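Student: Need a 3D model of the sequence below.
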Amino acid sequence: MRTLRLPTRPHAWISAFALVLTVLFAPGVGLAATQDAYAVTKLTQAQAASTFSAAGITWSSSGGCTTRSNSTCTSFDQLNLTTAQGAVTLKNASGCALNITGGTEVGHASGTYSHYNGYKLDFGKNTCLTNYVHNAFTYIGLRGDGYPQWQAASGNIYADEGTHWDVLFYTCGGC
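Tutor: Residues are numbered from 1 along each chain as shown. This next block holds a predicted model:
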């Protein structure tokens, strides 16, 4: 049996240690791989707008703009890919006209799963969408602010905020 002989020079030890750390923390390898599973892909305004246009989803804003730092705009900058995909899934599953009235712009409630962080979209209310949400999803009670909520099998949550649907997309909803 052969015995492994370790280098006696300190710089050789440092080099070996650095190599081990590089392998352990390289993207998609070792310890870093567990964090990559939770990485979120962010979209630009143009990427999200293209996705929505291709699906027949419209959008509007009271300010007629897309600037993220302006609360009267409807911005998609830094929208999560799964949120955009979830909107497309909703459009295809419901067959309803969808008009996005709120995205990642400032002015919405804060939090981890917020508009600004790319997890939520607001949709203008219409009879088709309201009937679809009520019939396809499970009523789960009132949100902390008093608005009624429905949950899809995917885990996504639809809150009826009176003038619009506030939708939290944890997933793409089966895309």
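Student: Could you use CA atoms for every contact and neighbour count after this?
Tutor: Fine.
Student: Quick check: the gap between residue 107 and residue 75.
Tutor: Relative to residue 75, residue 107 is positioned 11 Å away (C-alpha to C-alpha, to the nearest Å).
Student: swap that for residue 48, sorry
Tutor: Note on residue 48: its distance to residue 75, by C-alpha to C-alpha, is 9 Å.
Student: what pLDDT does residue 39 get?
Tutor: Confidence at residue 39, expressed as pLDDT, is 81.
Student: Quick check: which element contains it?
Tutor: Assignment of secondary structure by DSSP states H and E places residue 39 within no helix or strand.
Student: Kindly indicate whether the nearest residue to residue 64 once chain neighbours are set aside is helix, strand or coil.
Tutor: Excluding its sequence neighbours, the residue lying closest to residue 64 (C-alpha to C-alpha, 6 or more residues apart in numbering) is residue 73, at 6.3 Å. Judged by DSSP: H, G, I helix; E, B strand; the rest coil, the three-state class of residue 73 is coil.
Student: List the contacts of residue 74.
Tutor: The contact partners of residue 74, by C-alpha atoms under 8 Å, 6 or more residues apart in numbering, come to 59-61, 64-68, 100-105.
Student: If we use 6 Å, what do you get?
Tutor: Residue 74 is in contact with 61, 66, 102-103, counting by C-alpha atoms under 6 Å, 6 or more residues apart in numbering.
Student: hey, which helix or strand in this structure has the poorest pLDDT?
Tutor: helix 32-36 (a mean of 40; mean pLDDT, DSSP states H and E).
Student: List the contacts of the next helix or strand after it.
Tutor: Sequence-wise, the next helix or strand downstream of helix 32-36 (DSSP H and E) is strand 42-43. Here strand 42-43 makes contact (C-alpha under 6 Å, 6+ apart) with 78-81.
Student: Strand partners (parallel or antiparallel) of strand 42-43?
Tutor: Here strand 42-43 has these sheet partners by DSSP bridges: strand 79-80 (antiparallel).
Student: More neighbours: which of residue 107 and residue 75?
Tutor: A direct count of neighbours by other C-alpha atoms under 10 Å for residue 107 and residue 75 places residue 75 higher, at 31 against 15.
Student: Leaving out chain neighbours, which residue sits closest to that one?
Tutor: Closest to residue 75 by C-alpha to C-alpha, 6+ apart is residue 66, at 4.4 Å.
Student: Kind regards, and thank you for your time.
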